[in-house]
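*Asks:* my questions concern the predicted model and sequence given below.
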Amino acid sequence: MKLQGLSSLFLVIIIAVQIGASAKEVKQYTIEDLLDTTGISGASFSPDGKKLLITSNETGISNVYALPIDGGDPIPLTASTSDPIYGNGYFPNDERFIFRRDEGGNELTQIFVQTPDGDVTNITPEEGAKASFAGWAKDDQSFFLVSNSRDPKYFDLYEVDATTYVKKMLFKNETGYNFSDISDDKRYVALAKPETDKNNYAFIHDLKTGETREIMAHEGVEAVCRPQDFSPDGKSIHCLTDQGQEFLYLLTEDLETGESKILEKLDWDIRYAYLSKSGRYLVMGINSDSISEVKILDTETGNALPLPDMGDLSISSISFSKDEASMAFYVQGGRTPGDLYYHTFGSSSRPTQLTNRLSPKIDPEDLVAPEIVRFDSYDGTVIPGILYKPHQASAENKVPALVYVHGGPGGQTRATYTPLIQYLVNHGYAVYGINNRGSSGYGKTFYAMDDLKHGNADLDDCVASKQMLIDTGYVDPKRIGIIGGSYGGYMVCAALAFRPEEFEVGVNIFGVTNWLRTLKSIPAWWEASRNALYKELGDPFTQEDYLKKISPLFHAENIVKPMIVLQGKNDPRVLQVESDEMVAAVKANDVPVNYVVFDDEGHGFRKKKNQIVGYKAILEFVDEHLKSADL
């Protein structure tokens, strides 16, 4: 591993440099300024290669746009004013496109096709069902989707005629498989079946014979096995696995002989791998110490394709034109949001920047670049994380701090641009995005360290990070709070309930408070992962006492520090009742608690108007109870 074993001496040197850095005043921005940054995702080439289909929230709601590659403003193709719309891509031979949307954040996504004239067809109108686009057939005459319309627990694979939109079931899923890929000749389907987050199995289903057989067999050994893409000839498949290693590596397995060959093995996880349509290029995404990297192999030569030099910015999300002569990609840094670029292979000219997402009101020098910092936790385990030091901070001007806990539980805080974090840092808060034990990206041993220890071992990492913050010399020891969303919100509530004197405030963004209820009420479409969740977190039907022990709601009488709670009414993962009951319990302690509920949001706030309200409420809360309070 590259950096996880940094010595304490090196950490001391880092901290000493930080203490020595002088403070400087910067312009403070409103949340409206920071959210004036346009959110953009996707990049599907039009058949003629002259436009890209993207999703943008320029209007405050995500919609689909056509972005010319030779310059010019994005052309709006949809105009929703209620629920966000996300583009999946153009049709291969005409300018129809596929998009998805749900209602109010309920995650029951449906798949639609829109023509250039604006006519829209709902491909998956089944009420209460969830569907996802799953790619195009090799001949471009049909596309695939998965849907749980037959049984809410399982996703079946369908083929959709590109002209008539008639659906045909290809694979009936009755045992909790997750779909991965289908071969170009439409004979084989690659499937994965999770047992736990650390152990899953991969299979090939033969649509001709009906046979299903295991690949990457690993009987008696825990391993993650993730099928990726079939080879163009359908004789082999690319797979990711950590069998016998700490990190996910890429191999190819021969479907006839079962022989495997390692293609790429690194000191970090390879997060994904996919082939261009012709099979000429193999793209790998790498999680390098929380920073996204990408590598493209030319499968004809076996050599890595030279990528444009973007300085200290990272490249991700590669898309190829139909003729595979050009690519679109995103470039992002810690204080710059991801912008979209266009590049022709073999060209000596600099890639064309197609977007400029950062608001012209904002000077990037006023924002803060994230720094990867590690510390020794309570038991000597080295914990990584992302530290943001406000420009205003110094040994003479100590600032309040927030420990920022990611979702998951097996998520990861990454060194990327995050508007909420930059907003807080710009207003004088140090923020440490902790990747406590159990976080992904640092090897499977580290990932497993919090299993059935949630609200305890991982929480104590958060508590231990306070000393690292204090040792920087610019953080006020008496003004450290904790913030997080989803599982991170659970950690906030756990911190206030189980370590009630450690953090001065808590910012709980749709966090779990009652694991018994949450694990019993997980959405039906999570059936394939249900047992994996139970094995990591606890089984609500057999481990009730344990889950009550780690659920903050049952210990809310211990909470003595102020809390703010943000919640989406339509959240299918963390039900609103979780937050309702926690707020009521904290109020019963006569402890200050603010509560913000959005009627038109689910698990995550997707509308700018709601983000503005929510983030502004967070800053006002911590300003009152952390920065200005008499502690």
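*Replies:* Looks like it arrived, so ask away. Numbering: from 1, shown residues only.
*Asks:* okay, the most centrally placed residue in the chain and residue 458: tell me how far apart.
*Replies:* By Cα atoms, centre = their mean, the chain has its centre lying nearest to residue 411, at 7.5 Å. Applying Cβ to Cβ, to the nearest Å, one obtains 12 Å for the distance of residue 411 from residue 458. For every residue, glycine as well, the C-beta is placed using N, CA and C.
*Asks:* for the nearest residue to residue 367 once chain neighbours are set aside, list the residues it contacts.
*Replies:* Nearest non-adjacent residue to residue 367, counting by Cβ to Cβ, 6 or more residues apart in numbering: residue 335, 3.8 Å away. Counting by Cβ atoms under 8 Å, 6 or more residues apart in numbering, residue 335 touches 364, 367-370, 417, 422.
*Asks:* rerun at 10 Å
*Replies:* 358, 362, 364-370, 388, 416-418, 422, 425 (Cβ atoms under 10 Å, 6 or more residues apart in numbering).
*Asks:* what's the closest of the residues you listed to residue 142?
*Replies:* Nearest to residue 142 out of the contacts of residue 335 is residue 416 (Cβ to Cβ; 36.1 Å).
*Asks:* show the pLDDT at the closest one.
*Replies:* For residue 416, the pLDDT comes out at 90.
*Asks:* equivalent analysis for the one 10 residues further on, please.
*Replies:* Taken from the predicted model, the pLDDT recorded for residue 426 is 97.
*Asks:* from residue 377, how far out is it?
*Replies:* Relative to residue 377, residue 426 is positioned 29 Å away (Cβ to Cβ).
*Asks:* hey, C-alpha coordinates of stretch 424-443 in CSV?
*Replies:* The C-alpha coordinates for stretch 424-443 follow below in CSV (Å, rounded to 0.1, in the frame of the first residue of the first chain):
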residue,chain,number,x,y,z
LEU,A,424,-18.3,25.3,5.7
VAL,A,425,-14.6,25.7,5.2
ASN,A,426,-15.0,29.1,3.5
HIS,A,427,-16.9,30.2,6.6
GLY,A,428,-14.1,29.3,8.9
TYR,A,429,-14.6,25.6,9.8
ALA,A,430,-11.9,23.0,9.5
VAL,A,431,-13.4,19.8,8.1
TYR,A,432,-11.9,16.3,8.4
GLY,A,433,-13.5,13.8,6.1
ILE,A,434,-12.6,10.7,8.1
ASN,A,435,-12.4,7.3,6.5
ASN,A,436,-12.8,5.3,9.7
ARG,A,437,-12.3,1.6,9.8
GLY,A,438,-14.8,-0.2,7.7
SER,A,439,-14.4,2.4,4.8
SER,A,440,-13.8,1.1,1.3
GLY,A,441,-10.7,1.7,-0.7
TYR,A,442,-8.0,0.7,1.8
GLY,A,443,-8.0,-3.1,1.5
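*Asks:* pull the distance from it to the chain's centre.
*Replies:* 14 Å (Cα atoms, centre = their mean, to the nearest Å).
*Asks:* still on that earlier bit, what is in contact with residue 411 and residue 458 at once?
*Replies:* With Cβ under 10 Å, 6+ apart as the test, residue 411 and residue 458 both reach 405, 438-439, 487.
*Asks:* most neighbours of all the residues you listed, which one?
*Replies:* Counting neighbours by other Cβ atoms under 10 Å, the top entry in the shared contacts of residue 411 and residue 458 is residue 405, with 36 neighbours.
*Asks:* how many other residues sit next to residue 489?
*Replies:* 29.
*Asks:* and the helices in this structure, which stretches?
*Replies:* 8-20, 31-34, 419-426, 444-447, 457-471, 487-498, 515-520, 527-537, 544-550, 576-588, 608-622 (DSSP state H).
*Asks:* related to what we said a few turns ago, what sits against the residue nearest to the centre of the chain?
*Replies:* 405, 435, 438-441, 484-488.
*Asks:* how close does it get to residue 482?
*Replies:* Separation of residue 411 from residue 482 (Cβ to Cβ) stands at 16 Å.
*Asks:* equivalent analysis for residue 351, please.
*Replies:* 40 Å.
*Asks:* got it, and residue 304?
*Replies:* Taking Cβ to Cβ, one finds residue 304 at 42 Å from residue 482.
*Asks:* with residue 138 instead?
*Replies:* Residue 138 is 50 Å from residue 482, by Cβ to Cβ.
*Asks:* more neighbours: which of the two?
*Replies:* residue 482 (33 against 16).
*Asks:* which residues does the more buried one form a beta bridge with?
*Replies:* Residue 482 forms beta bridges with residue 403, residue 506, as assigned by DSSP bridges.
*Asks:* show me where pLDDT drops low in this protein?
*Replies:* Counting by pLDDT under 70, the chain has low-confidence residues at 1-22.
*Asks:* how does it divide into domains?
*Replies:* 178-305, 362-627 (automatic domain parsing).
*Asks:* out of the ones you listed, which comes closest to residue 169?
*Replies:* domain 178-305 (10.8 Å).
*Asks:* quick revisit: looking at residue 426 and residue 377, which is more packed in?
*Replies:* Each of residue 426 and residue 377 has its neighbours counted (other Cβ under 10 Å); residue 426 has more, 25 against 22.
*Asks:* that one contacts residue 367, correct?
*Replies:* Yes - contact criterion Cβ atoms under 10 Å: residue 426 and residue 367 qualify, at 6.9 Å.
*Asks:* list the contacts for the closest residue to residue 548 other than its chain neighbours?
*Replies:* Distance criterion Cβ to Cβ, 6+ apart; nearest residue to residue 548, sequence neighbours excluded, is residue 554 at 4.9 Å. Counting by Cβ under 10 Å, 6+ apart, residue 554 touches 497, 513-516, 547-548, 585.
*Asks:* which of these has the most neighbours?
*Replies:* residue 513 (29 neighbours).
*Asks:* next one: that one from residue 557, what distance?
*Replies:* Relative to residue 557, and taking Cβ to Cβ, residue 513 is found at 13 Å.
*Asks:* contact partners for residue 29?
*Replies:* 35-36, 359, 361-363, 366-367, 422-423, 426-427.
*Asks:* do residue 53 as well
*Replies:* 42-46, 64-67, 77, 87-90, 95, 97-99, 319.
*Asks:* looking at those residues, which are in strands?
*Replies:* Among these, DSSP state E puts 42-45, 64-67, 87-90, 97-99, 319 in strands.
*Asks:* thought residue 71 was touching residue 352?
*Replies:* Yes - with contact defined as Cβ under 10 Å, residue 71 reaches residue 352; the gap is 8.0 Å.
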